[in-house]
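Colleague: Return a 3D structure for these sequence lines:
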Amino acid sequence: MTELLQQAFTIVSMNFSPKEQERFAHLIIENISRLREFLEEESEERNFDRIAVKTVKSPKIQNMLGRVAEKYRNRNYPGNPQ
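Modeller: Below you'll find the predicted structure:
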């Protein structure tokens, strides 16, 4: 068992009553395959988020977004002084 997992179970044992700990243990045991799927999905989402943030922060994308913003700032619309 990893140190982090031990820490997580220690936190559960300190904050959950014995009855809640039993229910939590049953949930883990009964849903272990779903937990693995959840972990895979969560990992994919984090990876996507990391890539998306990196992409949006790239100079090329920032330049493109700046041009789009400038285009819309310069449009004629009611209330926009020209």
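Colleague: what separates Ser33 from Arg50, distance-wise?
Modeller: 26 Å (CB to CB, to the nearest Å). (Each C-beta comes from the backbone N, C-alpha and C, glycine too.)
Colleague: burial count for the nearest residue to Phe16 once chain neighbours are set aside?
Modeller: Closest residue to Phe16 apart from its sequence neighbours, by CB to CB, 6 or more residues apart in numbering: Phe24 at 6.3 Å. Neighbourhood size, Phe24 [other CB atoms under 10 Å]: 14.
Colleague: so which helix or strand takes in Phe24?
Modeller: helix 18-30 (DSSP states H and E).
Colleague: looking only at pLDDT, what's the mean for that helix?
Modeller: Computed over helix 18-30, the mean pLDDT rounds to 94.
Colleague: Quick one: list the elements packing against that helix.
Modeller: Packed against helix 18-30 by the contact rule (3 or more CB pairs under 8 Å, 6 or more residues apart in numbering; DSSP states H and E) you find helix 3-15.
Colleague: tilt between the helix it packs on and helix 18-30?
Modeller: Interaxial angle of helix 3-15 relative to helix 18-30 (axes from the mean of the first three to the mean of the last three CA atoms, to 10 degrees): 140 degrees.
Colleague: which strands and helices sit next to helix 3-15?
Modeller: Going by 3+ CB pairs under 8 Å, 6+ apart, helix 3-15 lies up against helix 18-30.
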